[in-house]
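Peer 1: Just need the structure, nothing else, for what follows:
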Amino acid sequence: MDYKANIGEQVRSIRVQKGMTQKDLAKACNIDASDLSKIEKGKQNISLDSLEKIFLQLGKSIESLKLTSMKLDKIREQLIDELSNSQEWDYKLNDTSPGHYGVEDWEVAIYSDRFFVDIPNRKFTFKNADFSAKLVLGGSKDGFVVPFDKVANGAGTFTFLDKKKVRINDVSIDMDLDVYGDN
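Peer 2: Modelled structure (predicted):
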């Protein structure tokens with residue numbers, strides 16, 4: 001699916017329905033009319049901020065943009081679900097300092113209101129996810145459990161597998177890896 005063309009077609013269709021010229025819409029959005037023309041033809045990329053301005057001027061919500069049969073909330077839900085169970089969190093635990101401990105269990109809470117999806121560019125970011133683990137320091141027999149509670153931020157890319165399913169391609173997670181340090 002060519003997302004640029006799809007977005008452009010929708011912008012043009014709504015603009016024409018509203019009786020606006022390209023020049024009028026471009027002026028209202030503070031963008032060049034030739035850029036708007038290229039966007040409508042699917043020949044130019046557009047930032048999510050610019051797209052949001054255009055949709056606002058057209059009296060529409062950006063969530064009404066149809067790039068797939070999936071709604072934004074469903075895409076977000078699938079990405080959060082996959083990310084919550086990703087091995088990337090295990091890899092992060094492997095990089096903590098100091099090392100030499102066991103992991104009793106871990107969990108992550110990723111909040112939908114802090115998870116942002118850029119559908120046209122197939123990217124996502126998340127902020128202030130709560131990551132918790134129980135680390136067993138010392139020997140397994142006489143070791144002691146240390147809570148490991150951190151705040152994580154990150155970003156990644158995803159792919160549409162079909163009209164109803166997405167998959168994460170890659171993700172980068174940023175969090176403090178010092179077992180004894182504060183968040």
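Peer 1: residues near Asp113, how many?
Peer 2: 8 (other CB atoms under 10 Å). To be clear about C-beta, it is placed using only N, CA and C from the backbone, and glycine gets the same treatment.
Peer 1: isn't Ser61 right up against Ile54?
Peer 2: No. Applying CB atoms under 8 Å as the test, Ser61 and Ile54 come out as separate, 11.8 Å apart.
Peer 1: Indicate each strand paired with the longest strand anywhere in the chain and its parallel or antiparallel sense.
Peer 2: Counting residues, the longest strand found in the chain (DSSP state E) is strand 144-162. Counting by DSSP bridges, the strands paired with strand 144-162 are strand 123-137 (antiparallel), strand 165-174 (antiparallel).
Peer 1: domain assignment for this structure?
Peer 2: What automatic domain parsing lists as the domains of the chain is 3-64, 72-174.
Peer 1: and Gly181, which of the ones you listed is closest to it?
Peer 2: domain 72-174 (8.7 Å; CB to CB).
Peer 1: all helices for the protein, in order.
Peer 2: With DSSP state H, the ranges of helices along the chain come out as 3-17, 22-29, 33-40, 48-57, 72-84, 88-94.
Peer 1: Look up phi and psi at Lys163.
Peer 2: The phi/psi pair for Lys163 (degrees, to the nearest 10) reads phi -70, psi -10.
Peer 1: That one: how many residues sit nearby?
Peer 2: Lys163, neighbours per other CB under 10 Å, totals 9.
Peer 1: I'd like to know how far it sits from Thr21.
Peer 2: 34 Å (CB to CB, to the nearest Å).
Peer 1: Distance from the longest strand of the chain to the middle of the chain?
Peer 2: 12 Å (CA atoms, centre = their mean, to the nearest Å).
Peer 1: In that strand, which residues are buried?
Peer 2: Across strand 144-162, burial judged by 16 or more other CB atoms under 10 Å covers 148, 150, 152, 154-156, 158, 160.
Peer 1: right, and Phe148 touches Val179 too?
Peer 2: Yes. Contact status for Phe148 versus Val179: in contact at 6.0 Å, counting by CB under 8 Å.
Peer 1: Tell me the residues that contact both of the two, please.
Peer 2: 96, 135 (CB atoms under 8 Å, 6 or more residues apart in numbering).
Peer 1: Pass me the low-pLDDT residue ranges in this structure, would you?
Peer 2: By pLDDT under 70, the weakly predicted segments of the chain are 1-5, 63-64, 66-70, 97-100, 139-141, 182-183.
Peer 1: Surely Leu58 and Ser13 touch.
Peer 2: No. Leu58 is beyond contact range of Ser13, at 9.8 Å (criterion: CB under 8 Å).
Peer 1: Those two: which has the busier surroundings?
Peer 2: Neighbour comparison, Leu58 and Ser13: the larger count goes to Leu58, with 20 against 12 (by other CB under 10 Å).
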